[in-house]
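**Q** this one's sequence-less:
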Ligand SMILES: *Cc1c(COP(=O)(O)O)cnc(C)c1O
C-alpha cells in the first residue's frame, strides 16, 4: 500500500446526518439566504463564543478587510506587515490605498510596534496588523501609537479565532477585527468570514455595506458589495461551532508533542505558549537555522515532500515580493530584514485535529533524520 500523504491541515467537518437534518429545515422554509434564521443564530452564537459584542458574517475573510477599510473611510497610506497572506495587502489595493510595509518582530511574527512611528507620514490614516499564527500582536503598544497620531487600527485576525488574552478576546482590540472561516482555518464554514465591531450603529452600517449598501427597500447609502452568507453555510457553521473546542484541544496535544520532540534538535526554533493567552494552535511554524540544523529550510521542505509530509512555507514569499507590491519603497529588502530572514526559515508543520501518533512519528522522523 502506498504511504498516505499527510497534509498541512484537514478541515473540521460537521456530522453529515446532523447537517442533513438542518438542510431539510432550510428546504422546508424555502428561505435560503438574506439574513435567514440560521444566519441570525450563527451571528449570535459566534459573538457569544468569541466574547465580542457585535459581529457580521461575510462570505470569506477577504471581504471583511475590504469592507472595514470602506466603513472607516480609510484613504492615503496604511501601515501593514509583509509577513501575511496576500489578502491582507490586497484589501488595501482594492480601496486604492498605498500599503506601507513595516518589519516584523521575531518573537511573534507580528508587526514590530517600535518600527511603526518611523513609517508614519501625513498621508497615513490607519494601521493594519495581523495576529500571525494566532499569536496576539502587542495591541497595547499599537493602540498607543494609533492614539498619538489619530490613526485607525484594523486587525486581520484571520488566524486568531478564539484567542483570548487574560480572559478577554483579542478580537476586541483596535477599531475592527476580521476573521476568516476558510476550510483551512481552525473554524470553517466552507468559505466564510466575519467582521467584529464594537457598537450597534457600526454593525448596522457593516450590514448595509455587505448587502450592496441597502439601508431599506429603496434606499442605497453606499456602493456596498455582496457578501451575504446563505443558510446552508450558516447551518454548517452552527454545527462546527459545537465541536471547535474539541478540535482546539486535539491541536494543543499535537503542539505539545511537537515541542517535546523538537526541543533538543539543534537549529530548530518554535514558539512556546504565551503567559495569560488562550491559544488556538492554528499553526505550528518551525524556524530552521540552516547552519545549526545542517540543512536549509528548502532542503528540509523538499525532503518532507518526498516522504509525503506536506508542510507549508507560510509566509514565503513575503507579500512585498509579489509583483504588485515590490516596486513600493517600503518593499525594499533593507526595510524588512527580520521578515526576510523569517520567510526563509519557516515551515508550518502539519497541524489539525485528526493527526495520529503514526502521522506525528512520520513528520518528526523527517526532521530528526
Ligand atoms: C485566510 C486569510 C485571509 C483570507 O481569508 P479568506 O477567507 O481565504 O478570504 C486573510 N488574511 C489572512 C492572514 C489569512 O490567513
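**A** Arrived safely, thanks for sending. Remember, it's a predicted structure, so these values are computed and weren't measured experimentally.

**Q** where does whatever residue of the stretch 251-369 of the chain ends up closest to the ligand fall, helix, sheet strand or coil?
**A** Ranked by CB to the nearest ligand atom, the top residue of the stretch 251-369 of the chain for proximity to the ligand is residue 314, at 8.0 Å. For every residue, glycine as well, the C-beta is placed using N, CA and C. In three-state terms, and counting by DSSP: H, G, I helix; E, B strand; the rest coil, residue 314 is coil.

**Q** what number of residues lie near it?
**A** Burial measure for residue 314: 19 neighbouring residues, criterion other CB atoms under 10 Å.

**Q** sec struct for the spatially closest residue to it that is not a sequence neighbour, please.
**A** Nearest residue to residue 314, sequence neighbours excluded (CB to CB, 6 or more residues apart in numbering): residue 348, at 4.8 Å. Here residue 348 is strand, with the state taken from three-state DSSP.

**Q** Alongside the ligand, which residues does the stretch 201-350 of the chain contribute?
**A** Not one residue of the stretch 201-350 of the chain sits near the ligand, judged by CB under 6 Å from any ligand atom.

**Q** Distance of residue 6 relative to the ligand?
**A** Distance, residue 6 to the ligand, using CB to the nearest ligand atom, to the nearest Å: 21 Å.

**Q** ok, that residue - contacts?
**A** For residue 6, the contact set (CB atoms under 8 Å, 6 or more residues apart in numbering) comprises 308-310, 350, 355, 359, 362-363.

**Q** looking at the sheet around it, what are its partners?
**A** On the basis of DSSP bridges, residue 6 is bridged to residue 309.

**Q** Now the residue lying closest to residue 189 once chain neighbours are set aside, what are its backbone angles?
**A** Spatially, and ignoring its direct neighbours in sequence, residue 189 is nearest to residue 237 (3.8 Å; CB to CB, 6+ apart). Backbone geometry at residue 237, expressed as degrees, to the nearest 10, gives phi -70, psi -40.

**Q** Kindly report the same for residue 267.
**A** Here is the backbone geometry of residue 267 (degrees, to the nearest 10): phi 80, psi 0.

**Q** Residue 284 too?
**A** When read as degrees, to the nearest 10, the backbone of residue 284 gives phi -130, psi 80.

**Q** burial measure for it, as a count.
**A** Count around residue 284 with other CB under 10 Å applied: 23.

**Q** and it, bridged to which residues?
**A** The partner list for residue 284 in beta bridges (DSSP bridges) reads residue 349.

**Q** before we move on, back to that, who's in contact with the residue nearest to residue 314?
**A** Shown in contact with residue 348 (CB under 8 Å, 6+ apart): 8, 133, 283-286, 311-314.

**Q** Helix, strand, or coil at the spatially most central residue of the chain?
**A** Central residue of the chain (CA atoms, centre = their mean): residue 158, 2.1 Å from the mean position. Of the three states, residue 158 takes coil according to three-state DSSP.

**Q** Now do it, the pLDDT please.
**A** On pLDDT, residue 158 comes in at 98.

**Q** Next, the contact list for the closest residue to it other than its chain neighbours, please.
**A** Nearest residue to residue 158, sequence neighbours excluded (CB to CB, 6+ apart): residue 180, at 3.8 Å. Counting by CB under 8 Å, 6+ apart, residue 180 makes contact with 60-62, 158, 192-193.

**Q** Let's see that with 6 Å instead.
**A** Taking CB atoms under 6 Å, 6 or more residues apart in numbering, we find residue 180 in contact with 61, 158, 193.

**Q** To which secondary structure element type does the closest residue to the last one other than its chain neighbours belong?
**A** The shortest distance from residue 193 to any residue other than its chain neighbours is 3.6 Å, reached at residue 61 (CB to CB, 6+ apart). Assigned with three-state DSSP, residue 61 falls in the coil class.

**Q** Can you name the residues bridging to residue 156?
**A** residue 130, residue 178.

**Q** Just to check, residue 113 is in contact with residue 138?
**A** Yes - contact criterion CB atoms under 6 Å: residue 113 and residue 138 qualify, at 5.1 Å.

**Q** for this protein, what spans make up the helices?
**A** 16-29, 37-50, 63-71, 87-94, 139-149, 200-209, 231-262, 290-293, 297-306, 337-345, 357-368 (DSSP state H).

**Q** so how far does stretch 46-58 reach from one end to the other?
**A** 13 Å (CA to CA, to the nearest Å).
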